[in-house]
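**Q** Starting from these lines, generate the structure:
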Amino acid sequence: MSELRLLPIIENRHGNRSMMTCKFRCNNACDHPEPNQSGNPYIGDVLASAISRRAMLSGSAAGAAALVVTGAGGSSAAAATSGAAALRRPARISELAFSPVAPNKRDNITVPQGFRYDVVARWGDPVVAGARRFNPYRQSPESQAGQFGYNCDYVGFLSLDDDRALLAVNHEYTDEVLMFPEGYYDEDEIKRIAMQAHGMSVIEIRRRGRDGGWKQVKARQARSNRRITVTTPMHFTGPAAGDARLRTRADQRGRVVLGSLNNCAGGMTPWGTALSGEENFNGYFDKSGEIDPRYAASYARYGIAGTGRGWADVDDRFDLSVEPHEPFRFGYIVEVDLMDPDSTPRKLTMLGRLKHEGATCSISRDGRAVVYMGDDEKGDYVYKFVSRDKFKRGRGPAARRHNLRLLDAGTLYVARFTGDGTEDGVFDGSGFWIPLTNDRESYVDGWSVADVLINTRLAADQVAPTRMDRPEDVERNPVTGKVYCALTNNDGRGTKQPVDEANPLASSMTRSALGAPLESKSGNRNGYVLELTETNNDGEAESFRWNLFLVCGDPEAPETYFGGFPKDQVSPISCPDNVAFDNLGNLWISTDGNQLGSNDGMFAVPTEGSDRGRVQQFLTVPLGAETCGPYVTRDDLSVFVAVQHPGEIDGATFENPASTWPHSDPFPRPSVVCAYRSAPRDKQDEQS
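**A** Below you'll find the predicted structure:
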């Protein structure tokens with residue numbers, strides 16, 4: 001493992017994100033040319049004075065009122081209350097009656113006073129019956145295949161009854177430097193174990209009591225538990241299944257693929273399945289010789305360069321020179337039937353092949369399934385799928401069989417945004433969804449349906465959609481019907497890419513949330529949250545209006561904007577990543593790569609009413625960690641968060657960790673936690 005431990009010790013390259021995270025999660029994507037070299041335009045040019053004029057307008061409560069886009073609903077959140085009021089029962093988290101957590105650098109989860117958190121599942125916890133007890137000095141591929149995987153990300157929740165539920169959890173990537181003690185394993189053994197730490201876990205959980213806490217059911221008692229890894233058989237479905245580019249020596253029909261990897265965000269369907277997005281799959285393929293020239297353009301557009309994780313040493317399907325088609329078998333949305341632990345997961349070709357941050361599903365007014373997706377790369381696009389057939393309500397077997405095929409036929413779209421000018425001091429405009437293909441006919445000249453679905457990025461390039469700043473989670477508000485898209489950041493904005501009305505920042509003033517002075521930094525370093533209102537507020541619509549709901553960063557920086565809410569009353573927020581909603585339509589945002597000097601965290605913000613745009617920090621995660629998930633339960637009593645890569649700080653190793661969270665061992669263990677409102681048990685529980 002010596003080559004893994006020779007990572008340079010440098011300052012964090014993106015906010016609090018370390019070189020280790022860049023290497024292991026995305027294969028140092030920033031060190032390579034951006035895959036989108038299409039030359040498609042960004043939306044218009046933005047006047048240089050637009051941001052400063054907007055800042056003047058939003059610098060006071062009166063000016064903010066002029067910029068508020070008021071919805072039909074009333075106030076969706078109460079003002080922060082005292083600690084005594086926050087403890088009243090049966091209070092709901094969606095009331096947002098908590099004192100915001102201050103930015104910090106603690107090696108722990110920090111929650112508001114009156115709240116506490118429990119660790120629900122840790123890396124290595126047994127998942128399936130008979131799984132071995134976790135021992136980092138005696139791991140094997142077989143033991144890891146039965147245990148909770150590494151670096152949890154998306155958290156899906158399926159209620160079974162009032163007291164039981166299933167969690168579907170993604171495991172995005174592994175960090176072998178933090179996972180393995182030196183001298184206990186050889187290189188090939190490490191790779192085989194790491195392969196089994198990827199994928200997904202499905203675990204049954206049970207309420208601790210009536211206050212919102214949950215705990216994991218013991219593996220031997222949980223019939224629905226399962227582990228999905230890089231070697232789990234999966235079926236291809238949809239129009240591209242069986243295409244020649246999906247065929248390999250091991251699968252000459254192009255119908256069955258082994259495993260899923262780099263699973264990032266996801267979504268739950270109304271019929272009880274989990275959707276999991278395969279994101280940075282390009283970083284897993286090596287080459288032992290020449291690359292097939294037929295696929296050079298496709299490989300380049302997806303960032304596939306043959307510099308992977310060395311898995312080809314133990315499984316030659318990850319060698320491009322041996323299996324040139326294997327990369328075409330990753331980059332999809334995977335659907336998992338949580339109610340049937342013996343079912344085969346399905347890779348949905350109809351939803352396209354890209355670096356899927358995730359997929360979130362809702363039902364249109366006409367009853368069709370609508371799935372929103374972001375392609376998480378600088379300069380890539382936002383997508384939507386609308387099913388051909390309608391959702392059938394009911395729990396009978398006929399309805400279930402029908403719904404399980406909804407995502408195999410329909411129309412795949414990509415978004416184009418148009419600005420309306422910034423003379424009004426507001427970043428907004430219109431847009432429409434450009435159809436790429438349906439299940440029978442391609443709308444891209446000269447491209448077949450399978451061409452579009454297998455090389456979706458290249459197909460989208462042909463129709464001039466809008467290049468964006470790392471589009472991540474895209475989700476529809478269940479109360480208002482508006483759609484929100486997290487655009488995490490792009491430090492090349494203004495240098496490598498031009499500014500435009502939907503991507504306006506060429507430079508930003510950044511002050512550490514912990515007190516460092518302001519300094520000017522290039523690019524969109526803190527990210528945005530984009531708000532879309534589709535025509536007639538219907539997911540089937542092909543046109544929409546849009547505006548920038550949040551321009552994230554230090555509230556004292558002139559370019560930041562918080563939905564029109566007074567800037568002196570909000571929490572600083574940087575690098576929005578995953579999003580979710582509670583029952584009142586409040587938006588919950590998790591962050592990745594905070595540029596303001598604090599640990600990453602989770603934030604709540606009303607989207608309507610007098611508190612629209614009032615960002616409040618709900619928690620922070622430990623040192624080196626990223627906030628993933630999140631999920632707010634339907635009864636609004638519990639918030640689930642995945643704590644990914646705690647302690648992933650340059651120079652850290654298993655023996656010399658930068659974090660020991662969750663403090664059950666002398667090394668870090670990525671874990672899913674549940675935060676809830678409750679009387680504190682001790683000082684550790686009531687950190688504020």
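
**Q** As a check, name the ranges of all helices in the stretch 551-688 of the chain.
**A** With DSSP state H, counting those that start in this stretch, there are no helices along the stretch 551-688 of the chain.

**Q** cool, the stretch 1-150 of the chain as well?
**A** Going by DSSP H, counting those that start in this stretch, the stretch 1-150 of the chain shows helices at 19-26, 50-57, 61-67, 83-86, 141-144.

**Q** need the least confident one among these, by mean pLDDT.
**A** Of all these, the minimum mean pLDDT falls on helix 61-67 (a mean of 30).

**Q** and P239, what does it touch?
**A** Contact partners of P239, counting by CB atoms under 8 Å, 6 or more residues apart in numbering, are T349, M350, D408, D439, R440, V449, A450, L453. Where C-beta positions appear, they are placed from N, C-alpha and C, glycine not excepted.

**Q** Please determine how far it is located from Q221.
**A** 41 Å (CB to CB, to the nearest Å).

**Q** Could you do A194 as well?
**A** In this view, A194 and Q221 are 29 Å apart by CB to CB.

**Q** Okay, and L458 sits in which element?
**A** helix 456-461 (DSSP states H and E).

**Q** which residues sit against that helix?
**A** By CB under 8 Å, 6+ apart, the residues outside helix 456-461 that reach it are 35-36, 38, 40, 297-298, 301-302, 352-354, 375, 380-381, 383, 412, 414, 436-437, 442, 444, 447, 451-452.

**Q** What strands line up against the helix or strand that it is followed by, and which way round?
**A** Downstream of helix 456-461, the first helix or strand assigned by DSSP H and E is strand 471-476. Applying DSSP bridges, strand 471-476 is found paired with strand 483-487 (antiparallel).

**Q** which parts of the partner strand are buried?
**A** V483, Y484, C485, A486, L487 (16 or more other CB atoms under 10 Å).

**Q** From those, pick the one nearest N263.
**A** A486 (17.8 Å; CB to CB).

**Q** ok, back up a step: centre of the chain to the helix holding L458, how far?
**A** Relative to its chain's centre, helix 456-461 lies at 22 Å (CA atoms, centre = their mean, to the nearest Å).

**Q** And for stretch 91-104?
**A** On CA atoms, centre = their mean, the centre of stretch 91-104 falls 22 Å from the chain's centre.

**Q** Pull out the buried residues from it.
**A** Counting neighbours by 16+ other CB under 10 Å, stretch 91-104 gives 91-101, 103-104 as buried.

**Q** The closest residue to I109 other than its chain neighbours: neighbour count?
**A** Distance criterion CB to CB, 6 or more residues apart in numbering; nearest residue to I109, sequence neighbours excluded, is Y117 at 5.1 Å. As a burial measure, Y117 scores 24 neighbours (other CB atoms under 10 Å).

**Q** dump the residue contacts of the closest residue to D162 other than its chain neighbours.
**A** Here the nearest residue to D162 in space, its sequence neighbours aside, is R207; by CB to CB, 6+ apart that works out to 7.8 Å. Each residue near R207 by CB under 8 Å, 6+ apart is listed here: D162, D163, R164, G213, W214.

**Q** and the residue nearest in space to the middle of the chain, what element?
**A** Most central in the chain under CA atoms, centre = their mean is A265, positioned 3.7 Å from the mean C-alpha point. Assigning secondary structure by DSSP H and E places A265 in strand 263-268.

**Q** same question for that strand, mean pLDDT?
**A** For strand 263-268, mean pLDDT is 96.

**Q** Equivalent analysis for stretch 602-617, please.
**A** For stretch 602-617, the per-residue pLDDT averages 98.

**Q** swap in stretch 292-306?
**A** If you average the pLDDT over stretch 292-306, you get 97.

**Q** next one: stretch 153-172
**A** 97.

**Q** Kindly tell me how buried the closest residue to H402 other than its chain neighbours is, as a neighbour count.
**A** Spatially, and ignoring its direct neighbours in sequence, H402 is nearest to K392 (4.9 Å; CB to CB, 6+ apart). K392 is flanked by 15 other residues according to other CB under 10 Å.

**Q** How about N599?
**A** Applying other CB under 10 Å, I find that N599 has 26 neighbouring residues.

**Q** Relative to V641, how far out is the residue nearest to it when sequence neighbours are not counted?
**A** Excluding the flanking residues, the one nearest N599 by CB to CB, 6+ apart is T620, at 4.5 Å. Distance, T620 to V641, using CB to CB: 10 Å.

**Q** got any residues that touch both of these two?
**A** With CB under 8 Å, 6+ apart, T620 and V641 have common neighbours I109.

**Q** Which one's more surrounded, these two?
**A** With neighbours defined as other CB under 10 Å, T620 and V641 compare such that V641 has more, 29 against 26.

**Q** Quick check: bridge partners of the more buried one?
**A** V673.

**Q** same thing with T533?
**A** R545.

**Q** That one contacts K482, correct?
**A** Yes - at 5.3 Å, T533 and K482 qualify as touching, with contact defined as CB atoms under 8 Å.

**Q** Now for R365, how many residues are close by?
**A** Residues near R365, counting by other CB under 10 Å, number 12.

**Q** do you know how far it is from P622?
**A** Applying CB to CB, the value for R365 to P622 is 43 Å.

**Q** helices or strands next to the host helix or strand of A369 in the packing?
**A** Using DSSP H and E, A369 sits within strand 368-374. The contact analysis (3 or more CB pairs under 8 Å, 6 or more residues apart in numbering; DSSP states H and E) places strand 368-374 against strand 360-363, strand 382-390, strand 471-476, strand 483-487.

**Q** List the neighbouring strands of it plus their orientation.
**A** Counting by DSSP bridges, strand 368-374 is paired with strand 360-363 (antiparallel), strand 382-390 (antiparallel).

**Q** Give me the neighbour count for V673.
**A** Based on other CB under 10 Å, the number of other residues close to V673 is 25.

**Q** OK, contacts around it?
**A** Residues near V673 by CB under 8 Å, 6+ apart: I109, Y117, D118, V119, V120, F640, V641, A642, V643, P662.

**Q** what is the third one paired to in the beta sheet?
**A** So that's D118. Residues in beta-bridge contact with D118 (DSSP bridges): C674.

**Q** returning to that earlier point: which of T533 and K482 has more neighbours?
**A** Neighbours were counted for T533 and for K482 using other CB under 10 Å; K482 has more, 24 against 18.

**Q** Make sure that one is actually in contact with R476.
**A** Yes - between K482 and R476 there is a contact at 7.3 Å, judged by CB under 8 Å.

**Q** between the contacts of P239, which is nearest T269?
**A** D408 (12.8 Å).

**Q** Endpoints of stretch 435-451, how far apart?
**A** The stretch stretch 435-451 measures 14 Å between its terminal residues, going by CA to CA, to the nearest Å.

**Q** Could I get the buried residue list for it?
**A** Buried, per 16+ other CB under 10 Å, within stretch 435-451: 435-439, 442-444, 447-451.

**Q** where in the stretch 251-400 of the chain is pLDDT low?
**A** Within the stretch 251-400 of the chain, no stretch falls below the threshold (pLDDT under 70).

**Q** got the residue ranges for the strands in it?
**A** Using DSSP state E, counting those that start in this stretch, the strands of the stretch 251-400 of the chain run over residues 256-258, 263-268, 273-278, 333-337, 346-348, 360-363, 368-374, 382-390.

**Q** Including distance to S598, could those strands go into JSON lines?
**A** What follows is the strands of the stretch 251-400 of the chain, written out as JSON lines (distance: least, CB to CB, whole Å):
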{"stretch": "strand 256-258", "distance to S598": "40"}
{"stretch": "strand 263-268", "distance to S598": "22"}
{"stretch": "strand 273-278", "distance to S598": "27"}
{"stretch": "strand 333-337", "distance to S598": "33"}
{"stretch": "strand 346-348", "distance to S598": "38"}
{"stretch": "strand 360-363", "distance to S598": "27"}
{"stretch": "strand 368-374", "distance to S598": "25"}
{"stretch": "strand 382-390", "distance to S598": "28"}
